[in-house]
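1. build me a structure from this.
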Amino acid sequence: MNTDSNCKIACQLSLVRSTLPENVTLVAVSKTHPVAALRAAYEAGQRIFGESRPQELAEKANVLPKDIEWHMIGHLQTNKIKLIVPFVALIHSVDSAHLAEAIQREAAKCGRTIDILLEIRVAAEDTKTGWDFTELMQYVRSAPFARMENVRVRGVMGIATHTTDAEAIRRDFTELKRCYDLLRPYFGARFDILSMGMSHDYGYATECGATMVRIGSLIFGERNYTRKED
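-> You can find the predicted model right below:
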């Protein structure tokens, strides 16, 4: 990347940070963007990056500085867990008991404890993944995570309906915050992350109580979708 591109990323990163409350963590969503773009953000002080494809995440982690905190934010297939579990800091997209239990098995093999978020479906779109909240509560009440010594539930994650209707977006985020509040007594003080809000709606998310936002295009520009899916 040229100097102008690096400066643009640094400026956009600074602009986004200036709009975030102090208690909100920024995840720079770098999926499909080249390593050079991540280096520019890193040199501008960013240390938390979010990827949605395990193979791409592993490739970038192998060549970028080791103090980066890598977050897996996309749908995760169980057969790809082994690619990221040796180093990933947080898995946002745990959307089923099957996936949580698979992460536990792979984390145990590595001798690590992996932080995860429970993805809850709040959007009015069939394409969105995540737990049905009623089913999730039934699962949590059976205390399964107490038996998963290598998994630590840190909070919840969700995606709002893709719409220009601000009230609909706020309703989704308000519902996600309600779910977070209802789940927190089951996990205690360690349950402290509410990950919601992206480039087009993170302002609403922070108004509704987000503690973590996932922002990509505002920092790096539009994504390149020419890479094949892992």
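2. next up, the contacts around residue 196.
-> Residue 196 is in contact with 157-160, 173, 176, 205, 208, 210, 212-213, counting by CB atoms under 8 Å, 6 or more residues apart in numbering. (Glycine included, C-beta is placed from N, CA and C.)
3. cool, and residue 8?
-> With CB under 8 Å, 6+ apart, residue 8 has these contacts: residue 221.
4. buried residues in the one helix or strand it maps to?
-> Here residue 8 sits within helix 3-18, counting by DSSP states H and E. Neighbour counts over helix 3-18 (16 or more other CB atoms under 10 Å) mark 6, 8-10, 12-13, 16 as buried.
5. do stretch 28-38 as well
-> By 16+ other CB under 10 Å, the buried positions in stretch 28-38 come out as 28-33, 37-38.
6. same question, stretch 60-73
-> Residues of stretch 60-73 classed as buried by neighbour count (16+ other CB under 10 Å): 60-61, 64, 68, 70-73.
7. report the two of these separated the most.
-> 64 and 73 (16.7 Å; CB to CB).
8. could I get the full set of strands for the protein?
-> Counting by DSSP state E, one finds strands in the chain at the ranges 25-29, 48-51, 69-72, 90-94, 114-119, 151-157, 193-195, 212-215.
9. counting by contacts, list what the last one packs against.
-> In other words, strand 212-215. strand 25-29, strand 193-195, helix 202-207 (3 or more CB pairs under 8 Å, 6 or more residues apart in numbering; DSSP states H and E).
10. quick one, which of those is packed in tightest?
-> strand 193-195 (a mean of 25; mean count of other CB atoms under 10 Å).
11. who touches that one?
-> In contact with strand 193-195 (CB under 8 Å, 6+ apart) are residues 25, 27, 90, 92, 117, 154-158, 176-177, 180, 209-214.
12. what about it, distance to the chain center?
-> Taking CA atoms, centre = their mean, to the nearest Å, the mean C-alpha location of strand 193-195 is offset from the chain mean by 9 Å.
13. measure residue 216 to residue 12 for me?
-> In this structure, residue 216 and residue 12 are 11 Å apart, going by CB to CB, to the nearest Å.
14. and the longest helix along the chain, C-alpha only, in PDB?
-> In the chain, assigned by DSSP state H, the helix with the most residues is helix 166-187. What follows is helix 166-187, C-alpha atoms only, in PDB (Å, rounded to 0.1, in the frame of the first residue of the first chain):
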ATOM      1  CA  ALA A 166     -33.400   3.600  13.000                       C
ATOM      2  CA  GLU A 167     -36.100   2.500  15.400                       C
ATOM      3  CA  ALA A 168     -35.900  -1.100  14.100                       C
ATOM      4  CA  ILE A 169     -32.200  -1.100  14.700                       C
ATOM      5  CA  ARG A 170     -32.600   0.300  18.100                       C
ATOM      6  CA  ARG A 171     -35.200  -2.300  18.900                       C
ATOM      7  CA  ASP A 172     -32.800  -5.100  17.900                       C
ATOM      8  CA  PHE A 173     -30.000  -3.600  20.000                       C
ATOM      9  CA  THR A 174     -32.300  -3.000  23.000                       C
ATOM     10  CA  GLU A 175     -33.400  -6.600  22.800                       C
ATOM     11  CA  LEU A 176     -29.800  -7.800  22.700                       C
ATOM     12  CA  LYS A 177     -29.000  -5.700  25.800                       C
ATOM     13  CA  ARG A 178     -32.000  -7.300  27.500                       C
ATOM     14  CA  CYS A 179     -30.700 -10.700  26.700                       C
ATOM     15  CA  TYR A 180     -27.200  -9.700  28.000                       C
ATOM     16  CA  ASP A 181     -28.700  -8.500  31.300                       C
ATOM     17  CA  LEU A 182     -30.800 -11.700  31.700                       C
ATOM     18  CA  LEU A 183     -27.800 -13.900  31.100                       C
ATOM     19  CA  ARG A 184     -25.200 -12.100  33.200                       C
ATOM     20  CA  PRO A 185     -26.300 -13.500  36.600                       C
ATOM     21  CA  TYR A 186     -25.400 -17.000  35.400                       C
ATOM     22  CA  PHE A 187     -21.800 -16.000  34.600                       C
END
